[in-house]
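# Need a 3D model of the sequence below.
(2 chains)
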2 protein chains.
Amino acid sequence: MIYDTAIIGTGPAGVSAALTLRANDKKFIWIGSKTFSDKVGKAERIANYPGLPMVTGQEMNDVFRRQCEELDIAIEDRMVTSIMKFGDHYALTAGSEFYETYTIIFATGVANVGTLPGEGELVGKGVSYCATCDGFLYKNKTIAVICTAKRFEHEVEFLSGLAAKVYYFPLYKDPSRFGENVEIMSERAVKMNAENGRLASLTLKNGEAVSVNGVFCLRESVSLATLLPGLATEQGHIAVDRAMVTNLPGVFAAGDCTGRPYQYVKAAGEGNVAAHSAIEYLASLR
Amino acid sequence: MIYDTAIIGTGPAGVSAALTLRANDKKFIWIGSKTFSDKVGKAERIANYPGLPMVTGQEMNDVFRRQCEELDIAIEDRMVTSIMKFGDHYALTAGSEFYETYTIIFATGVANVGTLPGEGELVGKGVSYCATCDGFLYKNKTIAVICTAKRFEHEVEFLSGLAAKVYYFPLYKDPSRFGENVEIMSERAVKMNAENGRLASLTLKNGEAVSVNGVFCLRESVSLATLLPGLATEQGHIAVDRAMVTNLPGVFAAGDCTGRPYQYVKAAGEGNVAAHSAIEYLASLR
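Purely as a prediction, here's the structure:
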């Protein structure tokens, strides 16, 4: 059997694509984690998702799981390891399984490249990737901001308006001047340290440490487009147009893997659009 | 005071933009209907909005209203009737109010009731979009009122107290009874006709014509071309890129007004992206 669509990824973009494909009676396979998105699950509080006021990430995942269960939408808990073009369709390998599909929707999120030792375990416990989402948690607190590009500086400014003190680690040249509470650090941060399961400090390259309540990592993230050779990328993200169409026939993408802003409702919106584009493409095959 | 942003429209795109601007501490004005989107409100059942399983449209609007109330986000219940560029910012007229803003987010939905042939050229020459602004011009005269929604009926009442005769064209079901001078028309108006450069009559679908001194079009939104001259469109939608940036500086758009698919979560996603683009633009002004 050849599926109409394979959705890869179980974050908000994947959920949204699955709901829309189901509403349209398409035969699809959905590959990812049965516990939905780790990134969502670790979010302390989500302030701007229309329809889910101030939920925790875990609450959002729970709502998504119930909504999918009610519609009998199942997840294959596997990781896709390779994709090949196969005549007019694609073949996916996931563990020992093999799936054939006419269309693919990438909803794979961003891979956190260049993470610091200790960072992965502290996501949602002091480590954040989104100023808009989590900034308010650090009102009048001490934070660090690690930033890879000048164009994220407005997020630094936003954070400096909330936090009492900001240790700023720019990983680019000529950072702007900020307010008095922003200390621009010349030493790089090399490690994140926990105390009682929460982020407590950063170790600097010279061996010193700074105590912080939280750290924001503002990075250009790189996506894993290596999975499908020939898939065009732009600054580390899968290149798509407004219809979420990639450069490869029948291949679509949605969510963080297509670029900023890394926001749940943006991802959900794109998952919907990608599903509609896949449906349109399937109609054109007939 | 000049606002950071004006959001026009209170559907899912507007809600999403408002939540994100609030999370970023931006000063914004939100203009639309206090009852949120009529289109959403009329939806029987929404099957594919992630996070709100199988809600009715009214339930969706209720969730949005509570979410905004909890964050003290208020709606100005008005209709924007004109927008002008004003140096480095924009000036909006809405009824008798006047707002200044650096950025605008259009979240106006689809103008499902397009303008009539002849209408565009006759704005200010017999065609008006604002009863309170222009009603007094038609004291003891004969006017037509074209109205898309029951919630504008108070404006019809206001006009019927001024005009000698009102031909009323309701584009919704079960219009209320008005005074004796209000004639409810069963035929639709299909064309506006000029004489000596001013509106003189409406042509009806059955070919008949009614002579009028003026016509008031009470719609969800004013035709975009009339509202903001120079705003680029594509096949009847506002032309945007993936960042929801239009051709005009500081002007963004989100939701149905940017094109298909006309889906609530797509609109909400775009509202989020438009807000982030507005924030980035505001940062660039400094």
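# lowest confidence element among the helices and strands of chain A?
Counting by mean pLDDT, DSSP states H and E, chain A has its least confident helix or strand at helix A:131-134, which shows a mean of 80.
# For the following helix or strand past that helix, which strands pair with it and how are they oriented?
As assigned by DSSP states H and E, the chain's next helix or strand after helix A:131-134 is strand A:142-147. If you go by DSSP bridges, strand A:142-147 pairs up with strand A:165-170 (parallel), strand A:214-218 (parallel).
# Quote the end-to-end distance of stretch A:170-185.
By Cα to Cα, to the nearest Å, the extent of stretch A:170-185 from end to end equals 8 Å.
# which residues touch that stretch?
A:146-150, A:153, A:156-157, A:160-161, A:163-169, A:188, A:204, A:210 (Cβ atoms under 8 Å, 6 or more residues apart in numbering or on different chains). (C-beta placed from N, C-alpha, C; glycine too.)
# hmm, try it at 6 Å
By Cβ atoms under 6 Å, 6 or more residues apart in numbering or on different chains, the residues outside stretch A:170-185 that reach it are A:Cys147, A:Thr148, A:Ala149, A:Lys150, A:Glu153, A:Ser160, A:Lys165, A:Val166, A:Tyr167, A:Tyr168, A:Phe169.
# buried sites along it?
For stretch A:170-185, the neighbour count (16 or more other Cβ atoms under 10 Å in any protein chain shown) marks A:Pro170, A:Pro175, A:Phe178, A:Val182, A:Met185 as buried.
# What is the burial count for A:Arg242?
Neighbours of A:Arg242 under the rule other Cβ atoms under 10 Å in any protein chain shown: 15.
# Can you tell me the closest non-neighbouring residue to it?
With Cβ to Cβ, 6 or more residues apart in numbering or on different chains as the criterion, A:Arg242 has its nearest non-adjacent residue at 5.7 Å, and that residue is B:Arg242.
# residue contacts, the closest residue to chain B within the stretch 51-200 of chain A?
Closest approach between the stretch 51-200 of chain A and chain B, counting by Cβ to the nearest Cβ: A:His154, at 3.6 Å. Counting by Cβ under 6 Å, 6+ apart, A:His154 touches B:Ala283.
# Can you tell me, leaving aside adjacent residues, what's nearest to the most centrally placed residue in chain A?
Most central in chain A under Cα atoms, centre = their mean is A:Gly109, positioned 3.8 Å from the mean C-alpha point. Using Cβ to Cβ, 6+ apart and skipping the chain neighbours, the partner closest in space to A:Gly109 is A:Asp256 (4.7 Å).
# try A:Cys130
Once flanking residues are discounted, A:Cys130 sits nearest to A:Tyr262: 5.9 Å by Cβ to Cβ, 6+ apart.
# so that neighbour touches A:Gly255, yeah?
No - counting by Cβ atoms under 6 Å, A:Tyr262 does not reach A:Gly255; the two are 8.6 Å apart.
# on that earlier part again, for the buried residues of stretch A:170-185, name the two members farthest from one another.
The most widely separated members of the buried residues of stretch A:170-185, counting by Cβ to Cβ, are A:Phe178 and A:Met185 (12.3 Å).
# got the buried residues for the longest helix along chain A?
In chain A, taking DSSP state H as the definition, the longest helix is helix A:264-285. Buried residues in helix A:264-285, counting neighbours by 16+ other Cβ under 10 Å, are found at A:264-279, A:281-282.
# near chain B, which residues of the stretch 1-150 of chain A?
Residues of the stretch 1-150 of chain A lying near chain B by Cβ under 6 Å from any Cβ of the partner chain: A:12, A:15-16, A:19-20, A:23, A:47-48, A:50-53, A:63, A:67, A:70, A:132.
# what ranges of chain A fall below the confidence cut-off?
For chain A, the stretches flagged by pLDDT under 70 are A:111-114, A:220-227.
# can you list the domain ranges for chain A.
Each domain of chain A is listed here as a residue range: A:2-111+A:221-285, A:120-218, per automatic domain parsing.
# Out of those, which is the most enclosed?
Across those, averaging neighbours per residue (mean count of other Cβ atoms under 10 Å in any protein chain shown) puts domain A:2-111+A:221-285 on top, at a mean of 21.
# In three-state terms, how would A:Tyr102 be classified?
Under DSSP: H, G, I helix; E, B strand; the rest coil, A:Tyr102 falls in the strand class.
# ok, it - contacts?
A:Tyr102 is in contact with A:Asp4, A:His89, A:Gly250, counting by Cβ under 6 Å, 6+ apart.
# Please produce TSV containing these, extended by secondary structure and distance to B:Leu116.
Output for these, formatted as TSV (DSSP: H, G, I helix; E, B strand; the rest coil; distance: Cβ to Cβ, whole Å):
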residue	secondary structure	distance to B:Leu116
A:Asp4	strand	42
A:His89	strand	48
A:Gly250	coil	43
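# which among these gets closest to A:Gly126?
Nearest to A:Gly126 among the contacts of A:Tyr102: A:Gly250, at 41.7 Å, using Cβ to Cβ.
# was I right about the closest one contacting A:Thr101?
No - taking contacts as Cβ under 6 Å, A:Gly250 lies outside contact range of A:Thr101: 8.3 Å.
# Now do A:Ile238 against chain B, distance only.
12 Å (Cβ to the nearest Cβ, to the nearest Å).
# how about the residue nearest to that residue when sequence neighbours are not counted, what does it touch?
Here the nearest residue to A:Ile238 in space, its sequence neighbours aside, is A:Ala253; by Cβ to Cβ, 6+ apart that works out to 4.2 Å. Going by Cβ under 6 Å, 6+ apart, A:Ala253 touches A:Phe106, A:Ile238, A:Val240, A:Met244, A:Thr246.
# Also A:Lys125?
Contact partners of A:Lys125, counting by Cβ under 6 Å, 6+ apart, are A:Arg198.
# Break down the stretch 51-200 of chain A into its helices, ranges please.
Per DSSP state H, counting those that start in this stretch, the stretch 51-200 of chain A carries helices over the ranges A:57-70, A:131-134, A:153-162.
# Look up the closest residue to A:Glu121, ignoring the ones flanking it.
Spatial nearest neighbour of A:Glu121, excluding adjacent residues (Cβ to Cβ, 6+ apart): A:Ala194 at 7.2 Å.
# bridging residues for that neighbour?
For A:Ala194, the residues forming beta bridges with it (DSSP bridges) are A:Leu199.
# In chain A, what residue lies closest to chain B?
For chain A, Cβ to the nearest Cβ, closest residue to chain B: A:Gly269, 1.7 Å.
# how far away is that residue from B:Tyr281?
Applying Cβ to Cβ, to the nearest Å, the value for A:Gly269 to B:Tyr281 is 20 Å.
# Fine by me, we can end here.
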